[in-house]
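In: coordinates for the following, if possible.
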Amino acid sequence: MSYDTEHVRTGGDSPDTITGIPTFTDLLSNTDLASLYSTIRNSGAATGPELVETVTVSKKTVYEYLRKLEHAGLLTEVESHTGPTEYEAADFELSLTVRDVEVSITPEIVAVIARSDDFPVIDRVLDDHGIVTFALAFDLATAHRDGEITTRQLASLTGLSSGTAYDLLEALYEIREFESDTPPTTYSPADFDDEAGELQAELTDE
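Out: Down below sits the predicted model:
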């Protein structure tokens with residue numbers, strides 16, 4: 001039986017068992033947990049021993065995190081008759097709405113947060129501006145790669161300083177493996193203010 005109610009929608013036979021909700025938010029603040037989840041998701045499947053060799057936390061912590069993620073419904077065991085248990089990462093989308101602002105947390109955003117030790121600007125934006133601004137910058141980075149907006153326009157739309165926007169774009173370009181003919185630039189067209197207003201209107205309309 002499928003469900004399509006106000007709070008639950010599923011195309012499966014029954015609602016999935018999802019517990020350990022704090023684990024979802026822990027993915028946004030615990031770099032090691034986010035990294036382990038992203039490692040499993042990127043590899044398709046992984047075992048505990050494989051993860052011990054690839055992540056930076058202790059063996060004990062690896063297995064604690066595996067249990068935590070599995071309890072939250074973010075990992076499932078792959079059937080195997082021999083060898084260590086393999087785990088697959090479940091895709092998810094966690095949507096939050098506060099004061100008419102909706103933000104969706106996805107594995108793609110978690111994968112970026114997992115690299116915050118390498119790129120301190122990620123934590124700086126999350127701590128100073130919050131997840132909504134970070135997620136908006138994440139999306140606008142694609143428009144920047146495609147030449148639709150400049151760094152300064154992204155800064156205006158997100159409320160980030162030009163320097164922070166530049167640093168964040170550099171991090172996003174590398175983490176997301178964007179390719180571009182030109183690197184992020186802090187320069188904008190002479191009619192920047194008009195264009196930024198039009199972009200803001202488009203985002204608001206959407």
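
In: point out where the protein drops to low pLDDT.
Out: 1-3, 7-8, 10-19, 80-81, 180-206 (pLDDT under 70).

In: OK, contacts around the residue nearest the centre of it?
Out: Centroid-nearest residue in the chain, with Cα atoms, centre = their mean: Ile109, separated by 0.8 Å. Residues near Ile109 by Cβ atoms under 8 Å, 6 or more residues apart in numbering: Phe134, Ala135, Phe138. No exception for glycine: its C-beta is placed from N, CA and C like everyone else's.

In: list the buried residues in the helix or strand hosting it.
Out: Using DSSP states H and E, Ile109 sits within helix 107-113. By 16 or more other Cβ atoms under 10 Å, the buried positions in helix 107-113 come out as Pro107, Ile109, Val110, Ala111, Val112, Ile113.

In: wait, the fifth one touches Ile122, no?
Out: Translated: Val112. Yes - taking Cβ atoms under 8 Å as the definition, Val112 is a contact partner of Ile122 at 6.6 Å.

In: and for these two, which residues touch both?
Out: Between them, Val112 and Ile122 share the contacting residues Ala171, judged by Cβ under 8 Å, 6+ apart.

In: regarding this protein, what is its longest helix?
Out: Longest helix in the chain by number of residues, with DSSP state H as the criterion: helix 121-145.

In: list the helices and strands that helix packs on?
Out: strand 101-105, helix 107-113, helix 151-158, helix 162-175 (3 or more Cβ pairs under 8 Å, 6 or more residues apart in numbering; DSSP states H and E).

In: how about these in JSON lines, adding distance to Leu51?
Out: Output for those, formatted as JSON lines (distance: least, Cβ to Cβ, whole Å):
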{"stretch": "strand 101-105", "distance to Leu51": "23"}
{"stretch": "helix 107-113", "distance to Leu51": "16"}
{"stretch": "helix 151-158", "distance to Leu51": "34"}
{"stretch": "helix 162-175", "distance to Leu51": "20"}
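
In: tell me the most buried of the ones you listed?
Out: helix 151-158 (a mean of 22; mean count of other Cβ atoms under 10 Å).

In: between that one and helix 162-175, how many degrees?
Out: 100 degrees (axes from the mean of the first three to the mean of the last three Cα atoms, to 10 degrees).

In: and the angle for helix 151-158 with helix 121-145?
Out: Going by the same axes, to 10 degrees, helix 151-158 makes 120 degrees with helix 121-145.

In: report all helices and strands that helix 151-158 contacts.
Out: helix 121-145, helix 162-175, helix 192-205.

In: CA-only coordinates of it in CSV, if you can.
Out: Output of helix 151-158 as CSV, limited to C-alpha atoms (Å, rounded to 0.1, in the frame of the first residue of the first chain):
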residue,chain,number,x,y,z
THR,A,151,30.7,36.2,-8.1
ARG,A,152,29.6,39.6,-7.0
GLN,A,153,26.0,38.8,-8.0
LEU,A,154,26.1,35.6,-6.0
ALA,A,155,27.4,37.6,-3.0
SER,A,156,24.5,40.0,-3.4
LEU,A,157,21.9,37.3,-3.6
THR,A,158,23.2,35.4,-0.6
